[in-house]
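Q: I'll drop the sequence and a predicted model, then ask my questions.
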Amino acid sequence: QKEVEQNSGPLSVPEGAIASLNCTYSDRGSQSFFWYRQYSGKSPELIMFIYSNGDKEDGRFTAQLNKASQYVSLLIRDSQPSDSATYLCAVTRNQGGKLIFGQGTELSVKP
Amino acid sequence: DARVTQTPRHKVTEMGQEVTMRCQPILGHNTVFWYRQTMMQGLELLAYFRNRAPLDDSGMPKDRFSAEMPDATLATLKIQPSEPRDSAVYFCASGLVRDEAFFGQGTRLTVV
């Protein structure tokens, strides 16, 4: 079992729709959770982080964390073609610990 | 504009040669990560340092890879000897207390 698992996709949504990206992790001791976006040929860039159970909103992005279910998700509202990228979920156990990435989910937003 | 700087951006080398990749973390960041990215394996953590001390290099093939931080402004990743299966994009990232990692632009390595 991989430490961090994501559906590789591609996930295709129409412009203006909500894109929902999911991630599960195996280590119950995980404390910090991150979402990165990676455009083709570019490096990953941090878009969201969440530490506590519940929702965290930042503009069109909402991160959701459920530690009991070992599940973290990213919602993108009003999806735009410019959101088309691979979204990487990353998890760490504690401060200064290993930052482990999932395989990423490819998102395609169609005009 | 604070950012992680990696050199070289591209490297083509012959099998058996030594490869050295360099990384300048963001000034003030105390954690440095080295990742390798391939289509098949995704982003794999090779090694990471905190305050220049290696904390974990279990993801790194020890017989040919080595990672060091000679000082707070420089991290290096060496492969000796290189093999075609080492072809990948190598990313350096740095961070501070919150564990988030800010990535450099990567070194695209091709071993022929």
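A: Great, that's in hand. These numbers come from a predicted model, not from an experiment.
Q: how about the residues of chain A near chain B?
A: A:32, A:34, A:42-46, A:49, A:88, A:90, A:92, A:95-104 (CB under 8 Å from any CB of the partner chain). In short, each C-beta sits where N, CA and C put it, glycine included.
Q: and with 10 Å instead?
A: For chain A, the residues in contact with chain B under the definition CB under 10 Å from any CB of the partner chain are A:2, A:4, A:6, A:8, A:31-34, A:36, A:38, A:41-46, A:48-49, A:51, A:86, A:88, A:90-104.
Q: if I pick B:Gly16, what's in contact with it?
A: B:Gln80, B:Pro81, B:Ser82, B:Glu83, B:Val111 (CB atoms under 10 Å, 6 or more residues apart in numbering or on different chains).
Q: is it fair to say it lies in a strand?
A: No. When classified by DSSP: H, G, I helix; E, B strand; the rest coil, B:Gly16 is found to be coil rather than part of a strand.
Q: Show me which positions of stretch A:52-64 end up buried.
A: Neighbour-count burial for stretch A:52-64, with 16 or more other CB atoms under 10 Å in any protein chain shown as criterion, is recorded at A:Phe61, A:Thr62, A:Ala63, A:Gln64.
Q: Which residue ranges of chain A form helices?
A: Using DSSP state H, chain A contains no helices.
Q: need the helix or strand of it with the lowest average pLDDT.
A: strand A:99-101 (a mean of 92; mean pLDDT, DSSP states H and E).
Q: what packs against that one?
A: Applying 3 or more CB pairs under 10 Å, 6 or more residues apart in numbering or on different chains; DSSP states H and E, one finds that strand A:99-101 contacts strand A:4-5, strand A:32-38, strand A:85-92, strand B:31-38, strand B:42-50.
Q: Show me which residues of chain B sit near chain A.
A: Counting by CB under 10 Å from any CB, the residues of chain B that sit close to chain A are B:3-4, B:6, B:30-31, B:33, B:35, B:37, B:39-45, B:48, B:50-51, B:55-56, B:58-59, B:89, B:91-93, B:95-106, B:108.
Q: just to revisit the earlier point, make CSV from the helices and strands packed on strand A:99-101 and add mean neighbour count to it.
A: Conversion of these to CSV gives the following (neighbours: other CB atoms under 10 Å in any protein chain shown):
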stretch, mean neighbour count
strand A:4-5, 20
strand A:32-38, 22
strand A:85-92, 24
strand B:31-38, 23
strand B:42-50, 20
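Q: for the closest residue to A:Phe34 other than its chain neighbours, which residues make a bridge with it?
A: Here the nearest residue to A:Phe34 in space, its sequence neighbours aside, is A:Ala90; by CB to CB, 6 or more residues apart in numbering or on different chains that works out to 4.3 Å. For A:Ala90, the residues forming beta bridges with it (DSSP bridges) are A:Phe34, A:Phe101.
Q: who's in contact with A:Ala90?
A: A:Ala90 is in contact with A:4, A:23, A:25, A:32-36, A:44, A:46, A:49, A:72, A:98-102, B:43, B:45, B:99-101, counting by CB under 10 Å, 6+ apart.
Q: and if we set it to 7 Å?
A: By CB atoms under 7 Å, 6 or more residues apart in numbering or on different chains, A:Ala90 lies in contact with A:Phe34, A:Tyr36, A:Leu99, A:Ile100, A:Phe101.
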